[in-house]
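In: Here is my input, please return the structure:
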Amino acid sequence: MTVERFGRLDVAFANAGVFGVVAPVTEYPLDVFERVMAVNVVGSFLVAQHALRAMTPGGSLIINSSVVGLTSDQGIAAYATSKHAVVGLMRTAAKEVAAKGSASTRCTRVPPTTSSSTRSRSRPSAPPKRSRRRRSKA
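Out: Below is the predicted model:
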């Protein structure tokens, strides 16, 4: 539909994601695990599959990942597994695009995360510092 309407596809952003529940692997509900994988992995796969078929050279496939795609924690088996899979999907797609000689087409992932610093935690309500303005000589 996009190609029919606009003539080409330049960018596709796979931004699907559900978390699931927090539970140990031994107690993780299979139906929840399957749903997380269906949304996060299969959803991203389908976007990649269809977008790369239609994308013009120089296009960009972006897959929303997570810092959890490179790490993990207790109780998040489905989410962590899905985000690791999304990283693998992006790496595979990038190598396949490069092998076809479409080096100008990019496959990247965005791992949103939060950040904080010691200063922001110790002074959450501190007003911003004012900068000193220099007076210009006329």
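
In: Is it correct that Y79 is in contact with G20?
Out: Yes. Contact between Y79 and G20 holds when scored by Cβ atoms under 8 Å: they sit 5.5 Å apart. For every residue, glycine as well, the C-beta is placed using N, CA and C.

In: what do the two both touch?
Out: Any residue near both Y79 and G20 by Cβ atoms under 8 Å, 6 or more residues apart in numbering counts here, and that gives V36.

In: Identify each buried residue in the helix or strand that contains P57, please.
Out: Per DSSP states H and E, P57 falls inside strand 55-64. Residues 55, 59-64 are the ones in strand 55-64 that count as buried (16 or more other Cβ atoms under 10 Å).

In: go on, stretch 72-88?
Out: In stretch 72-88, counting by 16+ other Cβ under 10 Å, buried: 75-87.

In: contacting residues around it?
Out: Outside stretch 72-88, the residues touching it (Cβ under 8 Å, 6+ apart) are 19-25, 28, 32-33, 36-37, 39-41, 44, 63-66, 68-71, 109.

In: What is the nearest of the buried residues of strand 55-64 to K100?
Out: M55 (11.3 Å; Cβ to Cβ).

In: Quick check: pLDDT value at that closest one.
Out: M55 carries a pLDDT score of 90 in this model.
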